[in-house]
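**Student:** build the 3D model from these lines:
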Amino acid sequence: MNRIFSPAERVDPDQCVFQGRVELKSESCYYTNTGGDITIENFNGHPNARYYDIDYKNNRALTEFGYLDIRLETNKYKEIYLSHDIYDNTNKKTGEKYYLKDVFDEAIDFLHINSQETVIIQLKDDNLSLNSSYTYYDVNGDLHRVDIEGFESYEEIYEEIAKLSIKNTSIKYNQEYYKYFYQENDIFPKLKDVRGKIILYTRGDFRYNGTTVGKKLNIPNMGSCTQSAFNPTNIISADRDKIGNAEQQISKDSASKELCFPRISLTGDNKILVQDDYNLPVFEKWVVVSEILNNELPSVEEDGNTLHIYGEKHAITTSFYNNDNILIINFMNIACYLDICSIKSYSEDINNNLDKNISEQTKIHNNWIILGFPTNDLIRKIHDSSEIKLEKKMNYKTISFKLVII
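**Tutor:** Numbers count the residues shown, from 1 in each chain. Modelled structure (predicted):
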């Protein structure tokens, strides 16, 4: 919406485009992007918004992007569904497993209503298992063989994923299903080319018979960054977080806090800088996040067992803060391995710190900021911190924007 609409002026909201901002007033009736009326009572959010910024009916923010990190598992029935480590994910709408097809369907449902949006989905092999067998002897010494059914090969799994997405010829909302997926060559396409589409990324190569499913996004595993690594007793290692414009080389085996520095990775011809310190507690995690946002932390490039440490003022490190063709991916998630902890609580702690530290003067350069459980106001703050003006965004590649899980 770009203002308050009278009944005679209302048109199909799917045809709406950004035309400005609207002041939001409590107890006013607005025409929402989902096609219905809604009265806002005691609204405490941002005083104005673009028409695609907030979906009041569903109480969610509509950002430049939505980001879904999907971890996959298979079973003997050749089902492909979501999981995390040993835990299967449940679809609360159906009460059954959260199938990959459900994710694709919901993403397309969202894009049908919000045709100017883009959804980015990253697929990861968490437990893609194949058929197998094993033998054992019973108490009588008799040999037994157990066959476990399932997919014959990983290629078969990838082909099945393709049939659910980029090769799916079924019709949804009067359009072939596969047309909702971006399938051109650019790893980081221009925003104007992906409006109303899903971009599939994968951690690893998802290939079968010469066909690639999605675009490989190289996210380094930073699980070795722990609280003990971040707060080392080795003073020499602890002092390496401020080395100016110098470069140092150390053995990966002798590294400590350096394991928590953002890692340089190559995706296609594009260098990206990744922070995914998911094993840090909230306090240490926030220290890393804030120093990256303030351009105060060195970067690390891995070469076999050697780590190249580039100081916070080194040209390689600073290029991520002033080059339009280089991307920083900031994961805000924190792992939770015990019943007494809460991923949601951890996320809210990080989100609150972000909310307090992002001001109108904050300018975040080329970051994808991956959040859990963000508020509408925080999403807007992150989005508005972009250094690129709105009228130029359509011609910039997707690396130029903030990215938020909603």
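**Student:** where does Ile328 sit, in terms of helix or strand?
**Tutor:** Using DSSP states H and E, Ile328 sits in strand 327-331.
**Student:** gap between that strand and the chain center?
**Tutor:** From the chain centre to the centre of strand 327-331 is a distance of 9 Å (C-alpha atoms, centre = their mean, to the nearest Å).
**Student:** who does it pair up with?
**Tutor:** strand 270-275 (parallel), strand 367-370 (parallel) (DSSP bridges).
**Student:** how about these, which one is nearest Ile80?
**Tutor:** Ile80 lies closest to strand 367-370 among those, at 22.9 Å (C-beta to C-beta). Backbone N, C-alpha and C define where each C-beta goes, glycine included.
**Student:** list the contacts for Asp147?
**Tutor:** Asn131, Ser132, Ser133 (C-beta atoms under 8 Å, 6 or more residues apart in numbering).
**Student:** count of neighbours near the second one?
**Tutor:** In this case it means Ser132. 11 (other C-beta atoms under 10 Å).
**Student:** how about the contacts made by it?
**Tutor:** Per C-beta under 8 Å, 6+ apart, neighbours of Ser132: Asp147, Ile148, Gly150.
**Student:** try it again with 7 Å
**Tutor:** Counting by C-beta atoms under 7 Å, 6 or more residues apart in numbering, Ser132 touches Ile148.
**Student:** could you report the pLDDT at Lys78?
**Tutor:** For Lys78, the model assigns a pLDDT of 90.
**Student:** equivalent analysis for Ile399, please.
**Tutor:** Taking Ile399 on its own, its pLDDT is 42.
**Student:** again with Pro220
**Tutor:** 91.
**Student:** over to the one 4 residues further on?
**Tutor:** The predicted local distance difference test score for Ser224 is 91.
**Student:** how about the helices in the protein?
**Tutor:** Ranges of helices in the chain, per DSSP state H, are 100-113, 154-164, 227-230, 235-238, 282-293, 315-322, 343-357, 376-384, 390-393.
**Student:** what about Asn305, distance to Met222?
**Tutor:** According to C-beta to C-beta, to the nearest Å, Asn305 stands 16 Å off from Met222.
**Student:** same thing with Ile382?
**Tutor:** With distances taken as C-beta to C-beta, Ile382 is found 22 Å from Met222.
**Student:** which one's more surrounded, those two?
**Tutor:** Ile382 (25 against 20).
**Student:** hmm, back to that, CA atoms only: put the strand holding Ile328 into CSV for me.
**Tutor:** Listed next in CSV are the C-alpha coordinates belonging to strand 327-331 (Å, rounded to 0.1, in the frame of the first residue of the first chain):
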residue,chain,number,x,y,z
LEU,A,327,29.5,-10.3,0.0
ILE,A,328,29.5,-10.8,3.8
ILE,A,329,27.2,-13.5,5.1
ASN,A,330,26.5,-13.1,8.8
PHE,A,331,24.7,-16.0,10.5
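**Student:** per-residue pLDDT, Val282?
**Tutor:** 92.
**Student:** please read the previous query as pertaining to Asn351.
**Tutor:** 92.
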